[in-house]
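**Q** Just the structure for this:
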Amino acid sequence: MDHFSGGTPIGLGAPLQAVLDGIRARAAVTPPEEWIIAGPWRPFDRPSFGPRPAELLDRIAPDHPVVIKDVSEHNLWVNSRALGLAGITRDTPNPPGGEIERDAAGLPSGILIESAGAGVQRFLEPTDDQLDRATAHLSRLFHGLGRTGFKEPMAFSAELAAYAKAARAGTLNLHVGAHLTRFSPFSEDWVAMETLGRLHLAHQGPHLHTGFAKLFLDGVPIARTAAFHDPYPGQTGPHDPEAMLLIKPERLNAEVTALDAAGYVVKMHAVGDRAVQAGLDAIAEARAANGPSGLRHEIAHANFIAPADLPRFAVLDAVAEVSPKLWMPNPVTAGQRQVLGDARADSCHPIRSLLAAGAEVIYGSDWPAAALDANPWTGLAGMLSRSDPTGTYPGTVAADEAITLDQALPLFTRNGARALGLEGQTGVLAPGALADMIVLERPLDGLSPEAIATIRPEATLFGGQLVHGAL
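**A** Numbering: from 1, shown residues only. Just a heads-up that it's a prediction; the model follows:
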């Protein structure tokens, strides 16, 4: 999803008025009743929207259903037409793992938290043509950045079909590890294991790898839906971390055990320290039940980790995926500090501590959810300095968790290849490997983080074939 004001991308740091102006401009050129999809909004700005945010959008686009995705893409702000089409009324109960925000009279206000937005999401599915164009754009973009492989962290059948079509046509030229969605707050029900099996077999191919699954364990801090052991600063009322888990531990343990037994590498979205702990507990249960499977399950994001859980990654052969949207200052950092307080915000992404504890760590951009872009070079630079290498956002985040270039590069190369199930085939320059490589104008050694952030490869090769630039 692009964030637009009229026809111009406005960025994740855009003020609310720019988003509203963009919706008004888009409504003027969009046929009535067609959906308008916009973004972003920031949950920590919610008090400024008034008691019924739906009515604000009604005034701007009275003839269209409107949905605005928040910066995390977990939470939706919709107008009255969208609520009506989704069948969300005063009598609609909150779904498990979600909340339909209501006004003082009990009417839905237009804010849908986590799984409460699933009824709207079904109207937002892209067409086959849009998916084809997006896949072509992604391939060009990634090749230009020097990427030869990536993980699709939440794949449904439509995305899988688009990747498979491009792979058959020879236009994908990327190793794709697609995590088949088993449970997501963005869908209205669990995806059946039998369906996962069919999707896995139907779409597995030389460059599209489908032996992966996805679960969501909690939400995001800026919406106060991430599951933490300790209360949020300023929280009123009782604090129950278990209630914030989207999958209760007993069910989660059974799911990871079953997926492990079926041969799927499980990626679990887990942001708060209680969710990370629950994910590790589930991997421990799977190891106890199934024995060593060789499958290296992943805790996605792994933003906040209790110190006692750091060594468990190595013990359980689990992988910590980290993403730059929170290890260096960016458009959501101020809100993160506002919601969590400085001390907890500065405990985010303890990469140095994970490596010291023997954990295997991989890089995940988390693009486009609160990530500026899919550029791995700015991500690498921020990992080295814990600051924004572009200078747009001042300060640092947990500067003592910065690591060296020699420590950081394997996260992107060797470790990334292992996470794709392609150890020794890519991510290395060695006889017999696939000749996936990039050509740089100058060596990385000795470059400042700011200089590393500006790198663009002169050439990218996939399987020894030139897919970007020139030699």
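
**Q** can you list the domains in this structure?
**A** Per automatic domain parsing, the structural domains of the chain span 4-124, 128-428.

**Q** Output those in JSON lines; the columns should cover distance to L440, mean pLDDT and mean neighbour count.
**A** (Glycine included, C-beta is placed from N, CA and C.) JSON lines is the format used below for these (distance: least, CB to CB, whole Å; pLDDT from 0 to 100; neighbours: other CB atoms under 10 Å):
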{"stretch": "domain 4-124", "distance to L440": "28", "mean pLDDT": "90", "mean neighbour count": "18"}
{"stretch": "domain 128-428", "distance to L440": "8", "mean pLDDT": "95", "mean neighbour count": "20"}
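
**Q** Restricting to C-alpha, output stretch 122-129 in CSV.
**A** Extracted C-alpha coordinates of stretch 122-129, given in CSV (Å, rounded to 0.1, in the frame of the first residue of the first chain):
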residue,chain,number,x,y,z
ARG,A,122,-12.2,-8.9,2.8
PHE,A,123,-13.2,-5.9,0.8
LEU,A,124,-9.6,-4.8,0.3
GLU,A,125,-8.3,-7.8,-1.6
PRO,A,126,-6.2,-6.7,-4.6
THR,A,127,-7.2,-8.0,-8.1
ASP,A,128,-5.0,-10.5,-10.0
ASP,A,129,-3.8,-7.7,-12.3
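
**Q** What residue in the protein is the furthest from its centre?
**A** A105 (35.1 Å; CA atoms, centre = their mean).

**Q** Checking the most centrally placed residue in the chain next. Helix, strand or coil?
**A** Per CA atoms, centre = their mean, the C-alpha nearest to the average position across the chain is that of D366, at 3.7 Å. Under DSSP: H, G, I helix; E, B strand; the rest coil, D366 falls in the coil class.

**Q** How much space separates it from L141?
**A** Taking CB to CB, to the nearest Å as the measure, D366 falls 16 Å from L141.

**Q** again, but for N290
**A** From N290 across to L141, the span is 39 Å (CB to CB).

**Q** G237 too?
**A** Here G237 is placed at a distance of 45 Å from L141 (CB to CB).

**Q** next one: L160
**A** Separation of L160 from L141 (CB to CB): 20 Å.

**Q** At which residues are the helices of the stretch 1-150 of the chain located?
**A** Counting by DSSP state H, counting those that start in this stretch, one finds helices in the stretch 1-150 of the chain at the ranges 16-28, 53-60, 80-85, 118-121, 128-145.

**Q** For the nearest residue to S187 once chain neighbours are set aside, give its distance to P43.
**A** Leaving out its chain neighbours, the residue that sits closest to S187 by CB to CB, 6 or more residues apart in numbering is A118, at 5.8 Å. According to CB to CB, A118 and P43 sit 18 Å apart.

**Q** just G177 next, same as before
**A** For G177, the distance to P43 equals 30 Å [CB to CB].

**Q** R386 is in contact with A399, correct?
**A** Yes: using CB atoms under 8 Å, A399 is in contact with R386, at 4.8 Å.

**Q** Could you dump the helices of the stretch 1-150 of the chain into TSV with distance to L326 added?
**A** Shown next, in TSV, are the helices of the stretch 1-150 of the chain (distance: least, CB to CB, whole Å):
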stretch	distance to L326
helix 16-28	22
helix 53-60	26
helix 80-85	30
helix 118-121	24
helix 128-145	21
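
**Q** so which of these comes closest to A308?
**A** Nearest of the helices of the stretch 1-150 of the chain to A308, taken as CB to CB: helix 118-121 at 34.4 Å.

**Q** next one: the closest one to chain centre, how far?
**A** With CA atoms, centre = their mean, to the nearest Å as the basis, helix 118-121 stands 18 Å off its chain's centre.

**Q** Kindly report the same for stretch 125-137.
**A** Distance, centroid of stretch 125-137 to centroid of chain: 19 Å (CA atoms, centre = their mean).

**Q** ok, now stretch 440-459?
**A** Relative to its parent chain, stretch 440-459 has a centroid offset of 26 Å by CA atoms, centre = their mean.

**Q** first to last residue in it, what's the distance?
**A** End-to-end distance for stretch 440-459: 7 Å, by CA to CA, to the nearest Å.

**Q** Show me what that stretch is in contact with.
**A** If you take CB atoms under 8 Å, 6 or more residues apart in numbering as the criterion, stretch 440-459 is touched by 144-146, 375, 377-378, 380-382, 384-385, 387, 389-391, 405, 409, 438-439, 466, 468-471.

**Q** And stretch 374-384, by the same measure?
**A** 141-142, 145-147, 323-324, 327-328, 351, 363, 365, 367-368, 372, 388-390, 402-405, 408-409, 411-412, 449-450, 452-456.

**Q** Am I right that I299 falls within a strand?
**A** Yes: residue state for I299 (three-state DSSP) corresponds to a strand.
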